[in-house]
Structures are given as C-alpha cells and as structure tokens.
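Engineer: A predicted structure for the sequence below; I have some questions about it.
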Amino acid sequence: MVPGEAPPPGPGSPRGSDAAAEAVAARKQRAFARRKAFSLFVKTKEVPAAARGPAGGEGVRWRCCRQAFGELAGIHRHVALQHAGDIGQQAGLAELGQQAAAEVSPSSGPAPAGKADGLKGRSGGTPEISCVLPDTSHVSYDDLTSKVGEVLLYYCYCEVKDPEKLCAWQKALCQHLHLTGKVRVASEGINGTVGGSKVATSLYIEVMLSQPLFKDILCQEDFKSSAGGAHCFPDLRVGVFKEIVPMGIDPKIVSYKETGIHLSPQEFHREVEQYLSQASQGQSDTILLDCRNFYESKIGHFQGCLAPDIRKFSYFPSYVDENLELFKDKRVLMYCTGGIRCERGSAYLRSKAVCREVYQLKGGIHKYLEEFPDGFYRGKLFVFDDRYAICSNEDIVSACRYCGTLWDQYKLCSSQHCRQLVLTCPSCRNKGLTACCPVCQEKELKVTSRASGQTLKEECECTRRRPRVPIEHISQRMLDTGKD
C-alpha cells in the first residue's frame, strides 16, 4: 500500500457493505428481469382458448418454432434450451427501460446536463437508441393477436452507431406485439416488413415514431400498409446486415445520401403521362425503369417500362454497367415496391455520370396505388410474404407457364431442390404441372421416390437459361413502348 493512501474498503466497512448490497440488488434485479422476460416470452406463444382442443384446455396450448406443446413443462424446456439468447436480450432491454424510467422519474430530481441530453436522444449530436417497449396492459390478448390485421412496409436511412442494440430492441418489440415478418438492421438504417393485428401494428408505428434514433427522419407517411396479418409470414426474422437492402455495394462507396430526385405519386403520374405521350410519337428522351426482379415485374408494372430480366437486386449494378450506353443523356424515372431499392439504385446510376437526370418514385408503387389505383400501373403488386401479391386493379398481365392462359397467382415450384416461383393455372396444376420447368418436374419425381430427399437448391432449367445480366436492345424496347 502506498504511504498515506487510504486502505481499500473491507467487508465490514461502510463502503464495502454498500458495494456488496448494490451488487446483490443488481443480481436480484437481473434475475427478476430474466424471469419476467421468460414468462412474457412463453405468454406470446400461447394458443387462444378458442383454437384449443375440447375439455377446456386439452390439446395444444402453446406453439413455437413450428412445434406444438400441451404441457407447461414442455414449452418451458423448449424456451430454456432454444431461446436463451432471446430471453437474455429481452431481460437486458427491460433493465435498460427501467433505468431510463428511473432517470426521468420526478423523485430523482433534475438530471445532470449530460443525462438530460441523452434522454432527448442525443449524445454529442448522435441519437441514442431507446429500448422502451409499449404498455399493452390495456389491450386484450385477443385484440393483440387478432388475425384480422395488416402488413406494414417501411424503411429509414439514418446513421446507426449500435446496430446490435437496435436489432435486439426490434426483436423484443416485435415479439412483445406478436408481430411476424423480416427486419434488416445495418449501420445505414433499418428496413422492415411486419404483420400483425391492427392494434399491434398501430402500437408498432407509434413506438417507431417516438424512437429518438428516427426523430425528424421517419414519419407516418413512410409506413405503407395492406390487408394481412401475422399469418402472412412463417416467423419473425430480425438481423444485422451490411446493407438494409442487398445491392452488394458497400454503403460507404455508394451512399443513400446521393440519391435521385424524389417525386410524389402525383408528380410521378404526370411524368409517366408525359413520357407515354412523347414515346408514342417517337420523341421521348426518358426511360421508365423498373428496379425490381423479373418475377415481380412479370405480374405487374407501369405501362411502357423497361423491366430488367434480373433475378436479384444485387445484379442491378452489373446491369447498369453492361447497359451504360442505354442510359446515356437520358432522363430516368425509377420505381420499385416501396422506394428503398430506388434509394441505392438511383445513387449507383448517378455515380456513373451518364444520365441527364435521375428521378425516383417516393414511397414506391405502394404509395402510387393508394392515390392512383387505376393509373398507369397495371396488374398486381408483388410482395415478399406468403400472399405473394396484392391487387389494386383487375388487369392480368401475365400468363400460365404451361398453357398460356392469363394467370398471375404465384406458387412455389413443387420440386424440393428448386423453390422458385411459378405461374401455373388451376387446370395445369390438376394435371400435375406444378414445377417451374420440365427439368424440375422430372427431378421432383426422382426426389419423391428417393428416401434421402437430397436438396439441391436452384439447380433448374429456368436459372441456367436466364442470363445473369441481360444486355438491352433499346430500339426494340422503344417500339413496344406504351403497348402494355
């Protein structure tokens, strides 16, 4: 010990006693938070009484990970073994929420300057992540889990310092509200599509708008909704990624901050109207570009559009590179489902410095159809959930893969090794034509007769025959403009 230095607090000293008491209290608080999180998690997996078996509670009482449980011990064992990480995350979030509540409680008095800034969501100018979960005590379980609901689609580009923390909060929030779907988190923002009851989705929007991280960036208009619910997704998937939409280009190289000019649905409608009028006379210097995948534009698109025959958005940069001459000195009007792919896609196109102007549809097709259900977009809007498509008009612009009759309702290819989407009408399905191509149809029979059922993903005629990045011939495209 250094001469003159006070001895360290011993077990019997006041300071040592206080520290020990605080440590015990902290352990108890963590244990309580974990027990509460465990109980809430199990509660979210309950099957409503009306859906159970006879005799007032016999049969299935809980469902989780596509498994059914009839006894409390069974679901407890499953959660303890398979969801320990989820419980830990929720317990940690609950503890953070309690700490935040303690900081703003009237009894604690005025917060120091640094803490006050943190509570406003700022710390040295950087927004903090709030981990608060909404109070659902006033909502009945039946209302919170009602199958009559909606699907939300949204995104928000912003700087996220701690993506893991945001991811943990999102997972806890969605589980708390019984939401299913997919949420991507990255250092560049968040992108999500979630389904649940209307009560749950309303609470979700409310909490998202109150999140300091999204303050003055995300607004009510940024949420696109359609009829659906939690049943539209098989489960909940929340994760941290490098990009919130997978274009395959580092966000530091092509940033969302360099996007094209955003046009409202009304402005975009006028631009398309003018484009179609000029194109019919062979005078247009504009390209109406669909940024989606081929299977999306196949069942619905804007009249006179250029729809790249690409299978993934990550192929879009290569598509632009291979067709630069196509965009030279052109005005480009871009669109996609909800707007997010245009954010990065327009930035990449602008980085090539070949276009005269680049515009994008704000809110995507989703928002356009809200205002112009019978506008220039014809057919169905493809969505990435178990519905596959939503309808705004009666037009059918695609055909059955086998007989050519008008048909636009996708099904998964029946071959286990493939799982691509296929358009096959009821008549052809009744004949056993349920695969995306003859190769898959033949392989399905072989796999079915084989005990092992080996999976060979995406090995099919459809994929092999399609060029990864098609090279466009604009002259032919221009001849077809406006004929849809």
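Structural biologist: Ah, there it is.
Engineer: I'd like the average pLDDT over stretch 230-243.
Structural biologist: The average pLDDT within stretch 230-243 is 96.
Engineer: same thing with stretch 414-426?
Structural biologist: Averaged across stretch 414-426, the pLDDT comes to 87.
Engineer: Extract the C-alpha set from it and format it as CSV.
Structural biologist: The C-alpha trace of stretch 414-426 is given here as CSV (Å, rounded to 0.1, in the frame of the first residue of the first chain):
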residue,chain,number,x,y,z
SER,A,414,-43.1,-28.2,-56.2
SER,A,415,-39.6,-29.6,-56.7
GLN,A,416,-37.8,-29.6,-53.3
HIS,A,417,-34.4,-28.7,-54.8
CYS,A,418,-35.7,-25.5,-56.5
ARG,A,419,-38.3,-23.5,-54.7
GLN,A,420,-38.6,-20.8,-57.4
LEU,A,421,-41.9,-19.2,-58.1
VAL,A,422,-44.1,-20.5,-60.9
LEU,A,423,-47.3,-19.3,-62.6
THR,A,424,-49.4,-22.4,-63.2
CYS,A,425,-53.2,-22.2,-63.6
PRO,A,426,-55.6,-24.5,-61.7
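Engineer: any idea which residue sits dead centre in this protein?
Structural biologist: Per Cα atoms, centre = their mean, the C-alpha nearest to the average position across the chain is that of Gly192, at 2.8 Å.
Engineer: For it, give its distance to Cys305.
Structural biologist: Plainly put, Gly192 is 27 Å away from Cys305 if you go by Cβ to Cβ, to the nearest Å. Any C-beta I mention is one placed from the backbone N, CA and C, and that applies to glycine too.
Engineer: now Ala435
Structural biologist: Counting by Cβ to Cβ, the gap from Ala435 to Cys305 is 29 Å.
Engineer: Of those two, give the one with the bigger neighbour count.
Structural biologist: Between Ala435 and Cys305, Ala435 has the larger neighbour count (other Cβ atoms under 10 Å), namely 26 against 21.
Engineer: Could you find the closest non-adjacent residue to that one?
Structural biologist: Nearest residue to Ala435, sequence neighbours excluded (Cβ to Cβ, 6 or more residues apart in numbering): Gln441, at 4.0 Å.
Engineer: which element is that neighbour on?
Structural biologist: helix 438-449 (DSSP states H and E).
Engineer: what's near enough to touch Tyr154?
Structural biologist: If you count contacts by Cβ atoms under 8 Å, 6 or more residues apart in numbering, Tyr154 has them with Asn191, Gly192, Thr193, Met208, Leu218, Asp222, Phe223, Lys224, Gly338.
Engineer: Just send those back as TSV, with secondary structure too.
Structural biologist: Formatted as TSV, the contacts of Tyr154 follow (DSSP: H, G, I helix; E, B strand; the rest coil):
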residue	secondary structure
Asn191	strand
Gly192	strand
Thr193	strand
Met208	helix
Leu218	coil
Asp222	helix
Phe223	coil
Lys224	strand
Gly338	coil
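Engineer: how about the longest helix along the chain: buried residues?
Structural biologist: Counting residues, the longest helix in the chain under DSSP state H turns out to be helix 14-44. For helix 14-44, the buried set under the neighbour-count rule, 16 or more other Cβ atoms under 10 Å, comprises Ala33, Arg34, Ala37, Phe38, Leu40, Phe41, Val42, Thr44.
Engineer: Go through those and name the one nearest Lys198.
Structural biologist: Taking Cβ to Cβ as the measure, Lys198 sits nearest to Thr44 out of these, at 17.9 Å.
Engineer: Tell me how many other residues surround Tyr141.
Structural biologist: For Tyr141, using other Cβ under 10 Å, the count is 14.
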